[in-house]
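# After the sequence you'll find the predicted model.
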Amino acid sequence: MAESEISETTETFGFQTEAKQLLQLMIHSLYSNREIFLRELISNASDAIDRLRFRAISEPELIDASTEFVIRVTFDADAGTLTITDNGVGMTRDEVIEHLGTIARSGTAEFLKQLSGDQQKDATLIGQFGVGFYSTFIVADEVEVLTRAAGTETGTLWRSKGEDEFSVEETADLERGTRVILHLKEDAREFADSYRLRSIVTRYSDHIGVPVEMAKPVVPGAVDAADASEADASEAEASGTEASESEGSESGPSESVEFEVVNSAKALWTRSRSTVDDAEYKEFYKHVSHDFQDPLSWSHNKVEGKLEYTSLLYLPVSAPFDLWNREAPRGLKLYVQRVFIMDDAEQFLPLYLRFIKGVVDSNDLPLNVSREILQEDARVTSIRNALTKRALNMVEGLAARDKESYQTFINQFGEVLKEGAGEDFTNREAVCKLLRFSSTHDPLEEKHVGLDAYVERMVEGQQKIYYLLAESFENARTSPHLEVFRKNGIEVLLMFDRVDEWMMGSLHEFDGKPFHDVMRGELELPGGATDKSEDEEDPETSALTERIQGVLGDAVTAVRPSQRLTDSPACLVLGEHDMGAQMRRIMEATGQSMPESKPVFEYNASHPLLERLDQEADEDRFGDLVLILFDQASLADGTALKDASAYVKRLNQLLLSLLND
């Protein structure tokens, strides 16, 4: 590197364990897409400039009035180095150690566990996590970072080969900002080429709102034929330009080098939609999300009137690894009058839309806005309400025009969208129309039945939307509670996501049709048929009911013959207001003790087992058989037995008695 005043003390640190793991994973998993390192570095440089602009609002002394913000990309083909320089906010020594030696992000260990070794899948996951600065080691065998924070006098040099450790030392004579120097690997020398670098910048960073500059190419033989001496001088100057650029990759470009802007340097969301093509929208998404995949859809809108703001919202194609961490950073990038204010402004979208990425730029909010002000500002509430409707309309539009892409969305985000059906009363109907479920009309697990489609297919006389809750699709599909519905050709929605029971506790109807859990209470089928009450039982059935009740005792609230069952001998039915097994497990997992609820035991009086059971004279044997049926009904619902060993013992005794007979 260039000569500079260096402190006598150089400290060496070991990488954080997670950082070391991520480094190795990136080097191997992202090799086929390694040009993204430049996108990441330019994005970081742009963020650094945005942050300085924001700080300068309250600390104007940090910058001169004449400061022109710029990002410069230079290279030295002979030395095999590539340098990215910005005059942004820079970093202090402590910030260098924190940001470049550790991964200051919750859930890192959980994320690393999800990596499978499959390069394509891992590359997607790493992209969702955000590779940032570490992507440099995909192409470099050594990286140096020279940086000086705004408002400080001393700079810092960080150096590492991306293995086990990095060194940090103080250095002087640095301009404000950051310079990242990559010593390229032999097989990455393609990135020390002007045309290659320009094409990457144009492709990935054209939308960056900061000029990205590169040295103008020197055209051989471009001389003034009218004056030979001037021609010689021009050639010498051109030669000097190349030399100074080579030397400038470490110490900063020479004044003799002429630079030109290679990107449009205009924030994409500020442009008219008619001037932005799909490729530009996709690349901007990758900039704001650090994702490698194209988005499923986007919505770009400018609002003028009482409030003036511009929004650009995106639907990702894959769920982030920390989607279910409700405390994880989320939200949109917030700009006020084109000035960057903050990442992850969560106040502009509800929590159930936390997967949406994008930008919101307001002309009405103050430049010194804080997160506390955002929570209390009526203008923010108005923008939030409008953006929520905009986001839901974007999802609805995807569902209408591209069923395959919408199915991808449901597979990735369908569960978290269900939170909105329970939490967002204002937009509940709109959210419900977007939900998809499995159904008894389809043997496949895929959730593609919407509530609108279900209502259209309701049989004559059907006034309710029937659904069943279970722990898994297989448990739902084979539940004995569905037997009478299959017999009568009535469709039942199958719900087996962990949020389903919680959601259905808030949903009471859709399109004027009430929801009915087929595992609860008295069953009313289209046409007026209902469960027979105990008073309507014939004497023989009533006697069997009393015998079964005597065996089960306080384990159940009631025993009755069932009209739900056609093939199974028995099932358990929840009370109208009892908590289901799914919700009970969720509550108990949070440490809450739940009051015990007792089911209703329903039996199929016409089943051969029950007919034989009614004839059993041995009361002990009768009791064992009833308890076996009760446990089997519990297992059919996916409920764990309280005393599995007793069930096994009774079943073994029954098998032995059958063999002896």
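Okay, I see it. If you're wondering where the values come from, they're calculated on a predicted model, not measured in any experiment. Residues are numbered from 1 along each chain as shown.
# Going by C-alpha atoms from here, please, whenever you check contacts or count neighbours.
Noted.
# Touching, Arg428 and Gly420? I think so.
Yes - Arg428 is in contact with Gly420 according to CA atoms under 8 Å; the separation is 6.9 Å.
# Can I get the strand or helix carrying Asn652 in PDB, CA atoms only?
Under the criterion of DSSP states H and E, Asn652 resides in helix 644-660. Output of helix 644-660 as PDB, limited to C-alpha atoms (Å, rounded to 0.1, in the frame of the first residue of the first chain):
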ATOM      1  CA  ALA A 644     -49.300 -44.500  26.300                       C
ATOM      2  CA  SER A 645     -48.100 -47.500  28.300                       C
ATOM      3  CA  ALA A 646     -51.500 -48.300  29.600                       C
ATOM      4  CA  TYR A 647     -52.900 -48.200  26.100                       C
ATOM      5  CA  VAL A 648     -50.200 -50.600  24.900                       C
ATOM      6  CA  LYS A 649     -50.900 -52.900  27.800                       C
ATOM      7  CA  ARG A 650     -54.700 -53.000  27.100                       C
ATOM      8  CA  LEU A 651     -54.100 -53.500  23.400                       C
ATOM      9  CA  ASN A 652     -51.700 -56.400  24.100                       C
ATOM     10  CA  GLN A 653     -54.200 -58.100  26.400                       C
ATOM     11  CA  LEU A 654     -56.800 -57.800  23.800                       C
ATOM     12  CA  LEU A 655     -54.600 -59.400  21.200                       C
ATOM     13  CA  LEU A 656     -53.700 -62.200  23.500                       C
ATOM     14  CA  SER A 657     -57.300 -62.900  24.300                       C
ATOM     15  CA  LEU A 658     -58.100 -63.000  20.600                       C
ATOM     16  CA  LEU A 659     -55.300 -65.500  19.900                       C
ATOM     17  CA  ASN A 660     -56.500 -67.600  22.800                       C
END
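# helices or strands up against that helix?
Under the contact criterion of 3 or more CA pairs under 8 Å, 6 or more residues apart in numbering; DSSP states H and E, helix 644-660 touches helix 619-636.
# average pLDDT for the helix it packs on?
Across helix 619-636, the average pLDDT comes to 91.
# same deal with stretch 59-79?
For stretch 59-79, mean pLDDT rounds to 91.
# Which parts of it count as buried, going by neighbours?
Leu62, Ile63, Phe69, Val70, Ile71, Arg72, Val73, Thr74, Phe75, Asp76, Ala77 (16 or more other CA atoms under 10 Å).
# Among those, which one lies nearest to Arg148?
The shortest approach to Arg148 among the buried residues of stretch 59-79 belongs to Leu62, at 12.3 Å (CA to CA).
# Could you verify my assumption that that closest one touches Ala150?
Yes - checked against CA under 8 Å, the pair Leu62 and Ala150 is within contact range at 6.0 Å.
# Give me the common contacts of the two.
Common neighbours of Leu62 and Ala150, using CA atoms under 8 Å, 6 or more residues apart in numbering, are Leu52.
# can you map out the strands along the stretch 251-400 of the chain?
In the stretch 251-400 of the chain, the strands defined using DSSP state E, counting those that start in this stretch lie at 259-261, 297-303, 309-315, 332-336, 339-345, 357-362.
# Report the strands that pair with the last one, each with its relative direction.
So the one you mean is strand 357-362. Paired neighbours of strand 357-362 in the sheet (DSSP bridges): strand 309-315 (antiparallel), strand 332-336 (parallel).
# Please identify which helix or strand holds the nearest residue to Thr566 once chain neighbours are set aside.
Leaving aside its chain neighbours, Thr566 sits nearest to Glu483 (5.8 Å; criterion: CA to CA, 6 or more residues apart in numbering). Assessed by DSSP H and E, Glu483 sits inside helix 483-487.
# What strands flank the helix or strand just after that helix, and is each parallel or antiparallel?
Following helix 483-487 in sequence order, the next helix or strand is strand 493-495 (DSSP H and E). Under the criterion DSSP bridges, strand 493-495 sits next to strand 438-439 (antiparallel), strand 465-469 (parallel) in its sheet.
# closest to Arg189 out of those strands?
strand 438-439 (52.4 Å).
# how about the most centrally placed residue in the chain, phi and psi?
For the chain, Pro320 is the residue whose C-alpha lies nearest the centre (CA atoms, centre = their mean; 3.0 Å). Main-chain torsions, Pro320, degrees, to the nearest 10: phi -70, psi 160.
# can you pull out the strands in the stretch 501-650 of the chain?
Assignment of strands within the stretch 501-650 of the chain using DSSP E, counting those that start in this stretch yields the ranges 509-510, 513-517, 558-561, 570-573, 600-603.
# Nearest to Arg93, out of the ones you listed?
The closest of the strands of the stretch 501-650 of the chain to Arg93 is strand 509-510. By CA to CA, the value is 58.5 Å.
# pLDDT (mean, whole number) over that closest one?
Strand 509-510 comes out at a mean pLDDT of 94.
# What ranges in the stretch 551-661 of the chain fall below the confidence cut-off?
Applying pLDDT under 70 to the stretch 551-661 of the chain flags residues 586, 588, 594, 661.
# cutoff 50 now
By pLDDT under 50, the stretch 551-661 of the chain has no low-scoring segment.
# Just list the residues touching the residue lying closest to Tyr603 once chain neighbours are set aside, thanks.
Leaving aside its chain neighbours, Tyr603 sits nearest to Ala570 (4.2 Å; criterion: CA to CA, 6+ apart). Contacts for Ala570 (CA under 8 Å, 6+ apart) come out as Phe601, Glu602, Tyr603, Asn604, Leu629, Phe630, Ala633.
# Let's see that with 7 Å instead.
Glu602, Tyr603, Asn604, Leu629, Ala633 (CA atoms under 7 Å, 6 or more residues apart in numbering).
# if we can go back for a sec, got JSON lines for the buried residues of stretch 59-79, with distance to Glu258 and secondary structure too?
Formatted as JSON lines, the buried residues of stretch 59-79 follow (distance: CA to CA, whole Å; DSSP: H, G, I helix; E, B strand; the rest coil):
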{"residue": "Leu62", "distance to Glu258": "27", "secondary structure": "helix"}
{"residue": "Ile63", "distance to Glu258": "24", "secondary structure": "coil"}
{"residue": "Phe69", "distance to Glu258": "17", "secondary structure": "coil"}
{"residue": "Val70", "distance to Glu258": "14", "secondary structure": "coil"}
{"residue": "Ile71", "distance to Glu258": "14", "secondary structure": "strand"}
{"residue": "Arg72", "distance to Glu258": "12", "secondary structure": "strand"}
{"residue": "Val73", "distance to Glu258": "13", "secondary structure": "strand"}
{"residue": "Thr74", "distance to Glu258": "12", "secondary structure": "strand"}
{"residue": "Phe75", "distance to Glu258": "14", "secondary structure": "strand"}
{"residue": "Asp76", "distance to Glu258": "16", "secondary structure": "strand"}
{"residue": "Ala77", "distance to Glu258": "18", "secondary structure": "coil"}
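# Identify, from those, the entry nearest to Gly623.
Ile71 (82.1 Å).
# that older thread, the strands paired with strand 493-495: which one's closest to Met458?
Closest approach to Met458 among those is made by strand 465-469 (8.3 Å; CA to CA).
# which residues are contacting the closest one?
In contact with strand 465-469 (CA under 7 Å, 6+ apart) are residues 476, 492-496, 501, 513-519.
# When Arg428 and Gly420 are compared, which one has more neighbours?
Gly420 (22 against 17; other CA atoms under 10 Å).
# Just to check, that one is in contact with Leu351?
No - judged on CA atoms under 7 Å, Gly420 makes no contact with Leu351 at a distance of 8.2 Å.
# And what about the closest residue to Lys161 other than its chain neighbours, helix, strand or coil?
Of all residues not flanking Lys161 in the chain, Glu142 sits nearest, at 4.2 Å (CA to CA, 6+ apart). Taking DSSP: H, G, I helix; E, B strand; the rest coil as the rule, one finds Glu142 in the strand state.
# Going forward, the N-terminal residue is numbered 17.
Got it, first residue is 17 now, which makes that one Glu158.
# ok, Glu158 - how many residues close by?
Residues lying near Glu158 (other CA under 10 Å) number 18.
# what do you get for Asn341?
Counted with other CA under 10 Å, the neighbours of Asn341 add up to 10.
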